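1. mind looking at a prediction? Sequence and model below.
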Amino acid sequence: MHETKTTRRHLDMLTTSLGSDIATLLENPDVIEIMLNPDGKLWAEAYGKGKYFTNIIFNPKQATNIIKLIAAYHQEIADYEHPEVACELPESRSRFQGWLPPVVVAPTFTIRKRAVRIFTLDNYVESGSLTSEQAEQLRISIKERKNILVAGGTGSGKTTFVNALLYELKDCKDRVIVLEDLPELQIAVADCVKLMATNEVSMRDLVKGVLRMRPDRIIIGEVRDGSALELLKAWNTGHPGGICTIHANSPEATISRLEDLVHEVVSVVPAHLIREAIDLIVFMQRDHAGNYKVSSIAEPVY
């Protein structure tokens with residue numbers, strides 16, 4: 001009971017510290033990201049609007065208090081010796097990344113909200129971010145159980161687009177296993193299991209273990225380390241129809257990026273695994289207006 005009261009008190013204090021401005025942004029379904037810079041300016045990014053200054057300015061004391069309260073809620077410490085706080089916000093489960101001095105000159109944090117609505121492939125076509133021919137190509141690829149790698153830079157809309165692809169699975173009978181570092185993917189498949197990586201259980205551990213769970217399709221939120229090798233093995237052993245995101249600077253650099261990740265665990269990259277596992281690369285970019293766009297869909301070139 002004492003722990004429950006303490007947690008409730010921290011939550012109440014955090015809600016008060018965040019204030020109505022951030023609360024309003026968190027409740028706005030169009031807002032994707034909320035960013036506080038060290039100069040105190042609060043920025044936001046929203047669907048159809050891109051990044052914009054909210055005309056809200058926080059003082060350093062208030063920003064520090066927010067970071068410390070979020071850490072306290074998770075029973076962690078945030079101070080000079082522990083300047084980083086990386087976790088989820090309570091209740092909304094939005095992704096929070098905060099920093100305190102001396103890493104920065106003044107407190108800064110970014111809140112990445114969980115998607116509250118799915119943008120379908122049709123929505124991408126309507127917005128001009130995807131052609132109808134590309135949408136049909138993707139639907140056929142999903143139906144034919146192609147393995148799809150969604151690539152792009154940071155903030156290019158990879159996860160949002162993967163949710164659009166996953167929406168196409170809503171009526172499938174497959175057993176789908178979803179592996180993530182953070183709960184960002186949404187899927188409405190009847191037979192679905194979601195697993196989350198932790199500090200103790202790595203993504204590589206999850207990919208290894210998931211093969212014993214009789215998956216038909218294996219979906220990974222993002223591959224960013226040596227788990228890339230396990231993913232390639234899994235997709236090559238009777239589990240086609242997977243989807244995964246990866247950071248890359250261009251469509252041409254995507255395979256090189258994948259090779260670099262595999263190199264983290266083996267000295268010689270098994271090129272045949274990549275050739276056999278990856279059927280399609282979707283490359284995402286964000287235009288000058290802040291809109292997400294599919295710049296290319298192609299089979300990988302080796």
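-> Received it, and whenever you're ready, just let me know what you need. Numbers count the residues shown, from 1 in each chain.
2. show me what the strand or helix carrying Leu232 packs onto, helices and strands only.
-> With secondary structure defined by DSSP states H and E, Leu232 is part of helix 227-235. Using 3 or more C-beta pairs under 8 Å, 6 or more residues apart in numbering; DSSP states H and E as the contact test, the elements touching helix 227-235 are helix 203-210, strand 217-220, helix 251-263, helix 271-277. C-beta here means a position set from N, CA and C on the backbone, and glycine is covered the same way.
3. now that helix: buried residues?
-> Buried residues in helix 227-235, counted by 16 or more other C-beta atoms under 10 Å: Ser227, Ala228, Leu229, Glu230, Leu231, Leu232, Lys233, Ala234, Trp235.
4. in this structure, which spans are helices?
-> 2-27, 60-73, 121-126, 132-143, 158-167, 203-210, 227-235, 251-263, 271-277 (DSSP state H).
5. so which of those is nearest Glu180?
-> Proximity to Glu180 (C-beta to C-beta) singles out helix 203-210 among these, at 8.5 Å.
6. got the angle between that closest one and helix 227-235?
-> In terms of direction (axes from the mean of the first three to the mean of the last three C-alpha atoms, to 10 degrees), helix 203-210 departs from helix 227-235 by 20 degrees.
7. what about helix 203-210, average pLDDT?
-> In this model, helix 203-210 has an average pLDDT of 90.
8. contact partners of that helix?
-> 177, 179, 181, 195, 197, 218, 220, 223-227, 229-231, 234, 265 (C-beta atoms under 8 Å, 6 or more residues apart in numbering).
9. in ChimeraX, select just the buried ones from those.
-> Command for ChimeraX, covering only those of the contacts of helix 203-210 found buried under the criterion 16+ other C-beta under 10 Å:
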select :177,179,181,195,197,218,220,223,224,226,227,229,230,231,234
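10. where does pLDDT dip in the stretch 1-150 of the chain?
-> Where the stretch 1-150 of the chain drops to pLDDT under 70, the residues are 1-8, 10-11, 115-116.
11. still on that earlier bit, got the helices and strands packed on helix 227-235 as CSV, with distance to Gln97 columns?
-> As requested, the helices and strands packed on helix 227-235 are exported to CSV (distance: least, C-beta to C-beta, whole Å):
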stretch, distance to Gln97
helix 203-210, 18
strand 217-220, 21
helix 251-263, 22
helix 271-277, 31
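12. okay if I get the helices of the chain as a markdown table plus distance to Gly98?
-> Below are the helices of the chain laid out as a markdown table (distance: least, C-beta to C-beta, whole Å):
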| stretch | distance to Gly98 |
| --- | --- |
| helix 2-27 | 12 |
| helix 60-73 | 4 |
| helix 121-126 | 32 |
| helix 132-143 | 36 |
| helix 158-167 | 21 |
| helix 203-210 | 23 |
| helix 227-235 | 26 |
| helix 251-263 | 27 |
| helix 271-277 | 37 |
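13. and these, which is most packed in?
-> helix 227-235 (a mean of 24; mean count of other C-beta atoms under 10 Å).
14. which residues does that helix contact?
-> The contact list for helix 227-235, computed with C-beta under 8 Å, 6+ apart, reads 147, 202-204, 206-208, 210-211, 215, 218, 220, 223, 242, 244, 246, 258, 261-262, 264-266, 270, 273-274, 277-278.
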